[in-house]
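> I would like to see how this sequence folds:
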Amino acid sequence: MAQEASAAALEIDPEHLVNDNDSALCDVSDELSTFTQSLTPSVTDYPTEHGRRYHAYRSGTYILPNDETELDRLDIMHFLIKKGLGDKIYRAPIPKNPKRILDIGTGTGIWSMEMGDMFPDAQILGNDLSPEQPSFVPPNVKFEVDDVEDPWTYNTPFSYIFSRYMATSIADWPRLIKQVHDNLEPGGWAEFQDFDLLYYSDDNTMNPDTEIYKWIRHILDASRKNGRDPCPGPQLEGWLKDAGFQNVHHERIKFPIGPWPKDKQKKELGMFNLMQTLQGLEGYSLRLFTQVLGWRLEEVQVSLAKVRNEIMSKWLHSQFDLHVVYAQRPEAKA
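Reported below is the predicted structural model:
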């Protein structure tokens, strides 16, 4: 049965109710052999563009960098989402003793490693375009270099397959979700935690005259021109149902950007989100703006400077939504 939490407007901290003309800013300051593919230069000879490092394997299919700045941001994003989920890293009602777990697009591997500690008897496999995960991990955790949009060739099905933050990365979501379905054991669970990257505000502080409004719409437009959906979250429930899943659960969670909410927990969530947003602005923008939209580097830098100033201001109450959808592959018929 599909469920969606009501997403009422967040109450704003009175400290953040200032005039648009107010210029006040917030005061915010084991080993390689575990990989199933040989680490050839095509995987590790990373290209550099505008001072940022990018994936070498299938170079160009993923628009975000893979350098230390971006890897640090991905770890911040892990804690951001975990906090938004009430200090949980998954929501699906998976069994107490799952046999095999797959983490697609594992990034730094932090989710896989936490799951490895939580389920020591399970085999945890994480895949990604770059071998940027640690060598020393729980003994039941392994990583591989792979493109999740290639045909899957696993011989043994999984108890649970997890996907998080693949917005702007996937060309064919229905095909990916069908592969997830077909590689689960009967009764197994899949979970997707992904965003709708259309930033908005409940009080119209983010409006067409703001720089952040213009910037995020350029991001969305460029990502779609690049063939990758930047807003998969709201569509996940329908895609899972179309793929044959049952017991589909859908939840929408608001993620404020900045410490403007009155609620203490939402304020802390907003601070984490502000950190990762500021750290990620350049990474989000460089490839999409220069390669897809044809901007000059100087134009990108001017735009980002304006966006940074706005994001740090107290009058702006921007946010975006995380959608959590989990579902079950039907049990085998007797």
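> buried set for the host helix or strand of I81?
Using DSSP states H and E, I81 sits in helix 68-84. For helix 68-84, the neighbour count (16 or more other Cβ atoms under 10 Å) marks E70, L71, R73, L74, I76, M77, H78, L80, I81, K82, K83, G84 as buried. All C-beta atoms are positioned from the backbone trio N, CA, C, and that covers glycine.
> pull up the gap between H218 and N273, please.
As for H218, its distance to N273 is 20 Å (criterion: Cβ to Cβ, to the nearest Å).
> tell me which residues form a beta bridge with the closest residue to V148 other than its chain neighbours?
Counting by Cβ to Cβ, 6 or more residues apart in numbering, the nearest residue to V148 once its immediate chain neighbours are dropped is I104, at 4.6 Å. In this structure, I104 has beta-bridge partners N127, S163, where bridges are defined by DSSP bridges.
> my guess is I104 contacts Y160. True?
No - taking contact to mean Cβ atoms under 8 Å, the distance of 11.5 Å between I104 and Y160 leaves them out of contact.
> show me what counts as buried in the longest helix anywhere in the chain.
Of all segments of type helix in the chain, defined using DSSP state H, the longest is helix 264-287. Along helix 264-287, these residues count as buried under the neighbour rule (16+ other Cβ under 10 Å): 266-267, 269-287.
> and for stretch 149-166?
When neighbours are counted by 16+ other Cβ under 10 Å, the buried residues of stretch 149-166 are found to be E149, P157, F158, S159, Y160, I161, F162, S163, R164, Y165, M166.
> how about residues contacting that stretch?
Residues external to stretch 149-166 that are found in contact with it (Cβ atoms under 8 Å, 6 or more residues apart in numbering): 74, 77, 81, 90, 92, 94-95, 98-105, 107, 111, 115, 122, 170-172, 175-176, 179-180, 182-185, 188-195, 232.
> in ChimeraX, how would I select the buried members of those residues?
To isolate in ChimeraX the members of these that are buried, counting by 16+ other Cβ under 10 Å, one can use:
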select :74,77,81,90,92,94,98,99,100,101,102,103,104,105,107,111,115,122,170,176,179,180,183,184,185,188,189,190,191,192,193,194,195,232
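> restricted to strands, list the contacts of stretch 149-166.
For those, membership in strands holds for 100-104, 184-185, 188-195, with DSSP state E as the criterion.
> now for those residues, which pair is the farthest apart?
Using Cβ to Cβ, those span at most 28.5 Å, a distance reached by E185 and F195.
> before I go, just wanted to say thanks for your time.
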